[in-house]
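J.: task: produce atomic coordinates for the following.
(chains A and B)
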Amino acid sequence: MAGQTAERDAAFIVEWLRASTEAVRAESDRLTELDSAIGDADHGTNMRRGFTAVMTTLDAEERATPGGVLLVAGRTLVSTVGGASGPLFGTLLRRSGKALGEAERVSDEDVRDALRAGVAAVGQLGGAALGDKTMLDALLPAVAELPDYAAAARAAEEGAKATIPLRAHKGRASYLGERSVGHEDPGAASAALLLGALFQVSR
Amino acid sequence: MKLLINGAERVVADALRGMAAAHPELRVDVERRLVVRRDAPVAGKVALISGGGSGHEPLHAGFVGPGMLDAACAGEVFTSPVPDQMTRAASQVHGGAGVLLIVKNYTGDVLNFDMAAELVEEDGIEVTKVVVQDDVAVTDSTFTAGRRGTGGTLFVEKLAGAAAEEGAPLARVAEIARRAADASRSFGVALHGPTTPAKGSPTFDLPPDELELGIGIHGEPGRERRAMLSAAEIADVTVEALLADYPASPPGPLICLTNGMGGTPLLELYGFHAEVVRALDERGATLARSLVGNYVTSLDMAGCSVSLCEVDDELLRLWDAPVSTPGLRWGH
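T.: Here you go, the predicted structure:
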């Protein structure tokens, strides 16, 4: 578990997003496959496009603060992903970045508080609650475990898997009603990738 | 599945290049995925902006032109466009009388257009949003994202576009758009799922002897699967579902759009339309106007949707008003 004094800088956030990008790229086909069961078969493609754009932006110009990195990453997702995922994942990063403010170094507790603020903003924007079979089913249990990154990654993974028996109440999958049962939510699967990447770079 | 493309990543850009080549009366920004009427901004006219995922052509870019939209924003296939596209469109078409955003009710479209509306307002442009949710197949609105926007979008874009062209102010154009949206009902049927370029195979499998009722326009499966029916039987199921949703029975005079989903020949579609008109007539409904063709499609999906719009004299006059776009053209 991360210590109270751990200091995280802008490079840490960049590495988190880089690891997230690699995970999204590696799992892109699986995400699209999940989306073809209850959506329209493009979630992996859209997330890959968005995160690739994020890394292009971040690699082009260095940012001084963790908050600044997250803000620009969130904006890039909003302006490149489209669909519901763009605004939702974009808001997650943007609002987390906003919560971190101007500090050049932040503690793991700051990261926890920021991600909780980001997740709350996602809930507000999408109007979903726990159990609606959305990305929140991975995010909410995960941020509850922070600043323990390992436990958070595990909770996100389990939360994503726990969407399988649920019936979707939000987004395009909701039109399937009972037929959405039996499939993992692609947004929750993506959220679990981000938390897994965070654990990976925190060690 | 064989597709007439250069590669899945290029489908939208290639189509826009083709639109630019075919329609000099439009300004096409291939890189930013915007289609704008050539004479925009039209001074003193309310500007209409719509958009959505690609794959529904001619909706929306094919409805840009005098009497309908000022700009359309094209997203990736079945993926809503991003806010930057709408804000850029607004800056290009705003003629000093405000902007009306016409949005189909999907979570992604609504989120992206909402973000865009905020940014446009921050630029000091008056903006109003109308959400189209005409799909009666979605019955359980409490536990879903609500009714989807489908074929009724054409009515909203045409009627509001006509009002704007006549010089009506923003509040009035928005009111017409809302009335058109409220008066519209749609129901769709698939005989074969659509093939997205990225996936290369149908998004859902339908056995040869079954059809899917209550489908959306994004390859999402419908609400019910049944043994294949005849055109007359499909028309009865469809018209029944549509009319049952109007408060009055029968409703007032109707415009009927018998819409192909992209993979059904017009020969079949006209035969189906005859059955739709018969089914409407048997239930005492009055047909004011008909439109038959592929207007709000879902790639190569086989099947059809029927959209009705209950009209009064004013809406009917706006329907008959001249329109000059690649996809819809009359009265000029």
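J.: residues touching residue A:90, list them.
T.: By C-beta atoms under 8 Å, 6 or more residues apart in numbering or on different chains, the contact set of residue A:90 is A:74-79, A:81. Bear in mind the C-beta positions are built from the backbone N, C-alpha and C, glycine included.
J.: again, but for residue B:225
T.: Per C-beta under 8 Å, 6+ apart, neighbours of residue B:225: B:206, B:210-213.
J.: let me know the secondary structure of it.
T.: Following DSSP: H, G, I helix; E, B strand; the rest coil, residue B:225 is assigned to strand.
J.: find me the pLDDT at it, would you?
T.: Listed pLDDT for residue B:225 reads 90.
J.: got it, and residue A:175?
T.: pLDDT, read off for residue A:175, is 81.
J.: do I have it right that it meets residue B:139?
T.: No - using C-beta atoms under 8 Å, residue A:175 makes no contact with residue B:139, being 10.4 Å away.
J.: the two - which one has more neighbours?
T.: Comparing residue A:175 with residue B:139 by neighbour count (other C-beta atoms under 10 Å in any protein chain shown), the higher total belongs to residue A:175, at 29 against 14.
J.: contacts only, for the more buried one.
T.: Residue A:175 neighbours (C-beta under 8 Å, 6+ apart): B:138, B:144-145, B:148, B:216, B:220, B:223.
J.: as a check, name the ranges of all helices in the chain.
T.: I went with chain A, as the question did not name one. Along chain A, the stretches classed as helices by DSSP state H are A:10-38, A:43-60, A:66-80, A:85-100, A:108-126, A:136-145, A:149-161, A:186-202.
J.: oops, chain B please
T.: B:11-22, B:83-93, B:107-122, B:152-165, B:170-182, B:231-244, B:266-282, B:313-320.
J.: quick one: closest of those helices to chain A.
T.: Closest to chain A of those is helix B:107-122 (C-beta to the nearest C-beta; 3.8 Å).
J.: mind listing what's buried along that closest one?
T.: B:107-117, B:119-120 (16 or more other C-beta atoms under 10 Å in any protein chain shown).
J.: parallel or antiparallel, which strands does the helix-or-strand element of chain B with minimal mean pLDDT pair with?
T.: The helix or strand of chain B with the poorest confidence is strand B:224-227; it has a mean of 91 (mean pLDDT, DSSP states H and E). Sheet pairing for strand B:224-227, assigned by DSSP bridges, gives strand B:210-213 (antiparallel).
J.: list the buried ones in the strand it pairs with?
T.: So, applying 16+ other C-beta under 10 Å, buried residues of strand B:210-213: B:211-213.
J.: so what pairs up with residue B:135 in the strands?
T.: The partner residues for residue B:135, given DSSP bridges, come to residue B:186.
J.: what's the local residue count around it?
T.: 28.
J.: over to the one 10 residues further on?
T.: The tally of other residues near residue B:145 (other C-beta under 10 Å) stands at 25.
J.: quick check, it in contact with residue B:106.
T.: Yes - between residue B:145 and residue B:106 there is a contact at 7.1 Å, judged by C-beta under 8 Å.
J.: picking that back up, and the buried residues of strand B:210-213, which is closest to chain A?
T.: Of these, the one sitting nearest to chain A (C-beta to the nearest C-beta) turns out to be residue B:212, at 11.0 Å.
J.: let's have the helices of chain B in JSON lines, adding mean pLDDT and distance to chain A.
T.: Output for the helices of chain B, formatted as JSON lines (pLDDT from 0 to 100; distance: least, C-beta to the nearest C-beta, whole Å):
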{"stretch": "helix B:11-22", "mean pLDDT": "98", "distance to chain A": "11"}
{"stretch": "helix B:83-93", "mean pLDDT": "97", "distance to chain A": "5"}
{"stretch": "helix B:107-122", "mean pLDDT": "94", "distance to chain A": "4"}
{"stretch": "helix B:152-165", "mean pLDDT": "98", "distance to chain A": "16"}
{"stretch": "helix B:170-182", "mean pLDDT": "98", "distance to chain A": "19"}
{"stretch": "helix B:231-244", "mean pLDDT": "97", "distance to chain A": "15"}
{"stretch": "helix B:266-282", "mean pLDDT": "98", "distance to chain A": "24"}
{"stretch": "helix B:313-320", "mean pLDDT": "98", "distance to chain A": "29"}
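J.: which one, of these, ends up nearest to residue A:185?
T.: helix B:107-122 (13.0 Å; C-beta to C-beta).
J.: what's that closest one packed up against?
T.: helix A:85-100, helix A:108-126, strand B:47-54, helix B:83-93, strand B:99-104, strand B:127-132 (3 or more C-beta pairs under 8 Å, 6 or more residues apart in numbering or on different chains; DSSP states H and E).
J.: who touches both of residue B:145 and residue B:106?
T.: residue A:172.
J.: contact residues of the stretch 1-150 of chain B facing chain A?
T.: Contact residues (C-beta under 8 Å from any C-beta of the partner chain) of the stretch 1-150 of chain B with chain A: B:53, B:75-84, B:106-108, B:111-112, B:115, B:138, B:140, B:143-145, B:148.
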